[in-house]
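Colleague: Please work out how this folds:
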Amino acid sequence: MTTTQKIILHSLVARHSTMAIDLEIAKQLEFDGLEASGSKISDCLAAGVSKASLREMVDGMFIPGIGFLINIERQNDERPQLFSDAVRLFELATAVGAKGVEVITGPLSLDAVRSKTPIQGLYRGLIDRPEQEQIDLTAANLRELADVAASHDLTLYLESLSWTPLNTIDKQLKVIEKAGRTNIKLLIDYWHCYTSGDTPERVAKIDKDLIYGVHVCDSLEFKGGIPDEPILRDVPTGDGVLNLKEWTDAVKSTGYEGWWSCELFCNRNHQENSFDVARQLKSLMQSLIGPAV
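Modeller: Residues are numbered from 1 along each chain as shown. Coordinates of the predicted model:
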């Protein structure tokens, strides 16, 4: 690829593999980098791989970010754990030379969203708060997280899950503006946009300088209500209902130049040869984004 548009392997392509295998796939198939898994990095270190050995394993591979910090709007007694989780992820990102960390709004649990009342032991987040309060509290947390991330030379890239309150592009941009930190950017994920009601036309209006990265992914048909991610994303990329060229062209029309990652939730693909699946995804993304030069 060109130096301005980079095709990145996502760790979920080989969901059940190790960090070492992810790196090997990216190297053998000549991806421009790897969007790595915090869990896989943590497993490496827990198994006794030293940070020095991990860096040797990475061998200069471009890692734009690792995933992910969940439920970033946590309040009160849950805030200390939020910042503890964040510092741990920032340290993992630093260990592999990553440039950023993905941050995600909550609640992660679909059951918490489906229920109209709190469920004992199930994190509910800010569902029951007014929208402006949701924005203000989330932005306040994100501002503090960004300051800690800056001390590690990291960018935070925001992805609001489509079943959570602050799910649309407009709401996410309000959070970013309110947080007021230059190391907070937006992740464009085709599936989350689609199931939040956003369109390629809306994507095309985003300021390119606010976009950190793009998840090229697909979906089964969504008929409304609360999107069920495990069901709707269980499809090979390119075989779903999304017009991937239209979504990709919308991002490119902003003037964005950066990285594009092939996030994947297809159960069948996860049981197939991950090298073959990654090869197909790379070819698809090259056809969408543009040929190598």
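Colleague: list the contacts for the residue lying closest to Ser11 once chain neighbours are set aside?
Modeller: The shortest distance from Ser11 to any non-neighbouring residue, by C-beta to C-beta, 6 or more residues apart in numbering, is to Ser37 (3.8 Å). For the C-beta atoms, the positions are set from N, CA and C on the backbone; glycine is no exception. Taking C-beta atoms under 8 Å, 6 or more residues apart in numbering, we find Ser37 in contact with Ser11, Leu12, Met19, Asp22, Ile66, Gly67.
Colleague: what's the neighbour count on the closest residue to Ile25 other than its chain neighbours?
Modeller: Excluding its sequence neighbours, the residue lying closest to Ile25 (C-beta to C-beta, 6+ apart) is Ala278, at 5.0 Å. Neighbour count for Ala278, taken as other C-beta atoms under 10 Å: 23.
Colleague: residue boundaries of the strands in the stretch 51-200 of the chain?
Modeller: Listed in chain order, the strands of the stretch 51-200 of the chain (DSSP state E, counting those that start in this stretch) span 66-69, 100-104, 155-159, 184-189.
Colleague: Out of those strands, flag the one nearest Glu56.
Modeller: For the strands of the stretch 51-200 of the chain, the distance to Glu56 is smallest for strand 66-69, at 17.9 Å, taking C-beta to C-beta.
Colleague: Neighbouring strands - and their directions - for that closest one?
Modeller: Strand 66-69 has the following strand partners under DSSP bridges: strand 33-37 (parallel), strand 100-104 (parallel).
Colleague: export it as PDB, just CAs?
Modeller: Coordinates of each C-alpha in strand 66-69 appear next as PDB, following Å, rounded to 0.1, in the frame of the first residue of the first chain:
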ATOM      1  CA  ILE A  66      -4.600  -2.200  20.900                       C
ATOM      2  CA  GLY A  67      -8.000  -3.000  22.200                       C
ATOM      3  CA  PHE A  68      -9.700  -2.200  24.400                       C
ATOM      4  CA  LEU A  69     -10.800  -0.300  27.500                       C
END
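Colleague: Touching, Ile41 and Ala95? I think so.
Modeller: Yes: between Ile41 and Ala95 there is a contact under C-beta atoms under 8 Å: 6.5 Å.
Colleague: Those two: who's more crowded?
Modeller: A direct count of neighbours by other C-beta under 10 Å for Ile41 and Ala95 places Ile41 higher, at 26 against 20.
Colleague: what's the helix or strand for the more buried one?
Modeller: Ile41 belongs to helix 38-46 when assigned by DSSP states H and E.
Colleague: Which elements pack onto that helix?
Modeller: If contacts are counted by 3 or more C-beta pairs under 8 Å, 6 or more residues apart in numbering; DSSP states H and E, helix 38-46 sits against helix 19-28, helix 51-58, strand 66-69, helix 79-95.
Colleague: Please tabulate those in a markdown table, including the columns mean pLDDT and distance to Ala179.
Modeller: As requested, the helices and strands packed on helix 38-46 are arranged in a markdown table below (pLDDT from 0 to 100; distance: least, C-beta to C-beta, whole Å):
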| stretch | mean pLDDT | distance to Ala179 |
| --- | --- | --- |
| helix 19-28 | 98 | 30 |
| helix 51-58 | 96 | 30 |
| strand 66-69 | 96 | 14 |
| helix 79-95 | 98 | 14 |
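Colleague: looking at these, which is closest to Gly255?
Modeller: Gly255 sits nearest to strand 66-69 of all the helices and strands packed on helix 38-46, at 26.0 Å, using C-beta to C-beta.
Colleague: for the closest one, the distance to its chain's centre please.
Modeller: Taking C-alpha atoms, centre = their mean, to the nearest Å, one finds the center of strand 66-69 at 7 Å from the center of the full chain.
Colleague: Would you mind listing the outside residues contacting it?
Modeller: Contacts of strand 66-69 from elsewhere in the structure, counted by C-beta under 8 Å, 6+ apart, are 11, 35-38, 41, 82, 85-86, 89, 92-93, 96, 98, 100-104, 145, 159.
Colleague: now swap in stretch 143-152 and tell me
Modeller: Residues from elsewhere that reach stretch 143-152 (C-beta under 8 Å, 6+ apart): 69, 72, 82-83, 86-87, 90-91, 93-94, 101, 103, 155-156, 179-181, 183-184.
Colleague: Report the buried residues of that stretch.
Modeller: Glu144, Leu145, Ala146, Ala149 (16 or more other C-beta atoms under 10 Å).
Colleague: Repeat that for stretch 210-227.
Modeller: Judged by neighbour count (16+ other C-beta under 10 Å), stretch 210-227 contains these buried residues: 210-220, 222, 227.
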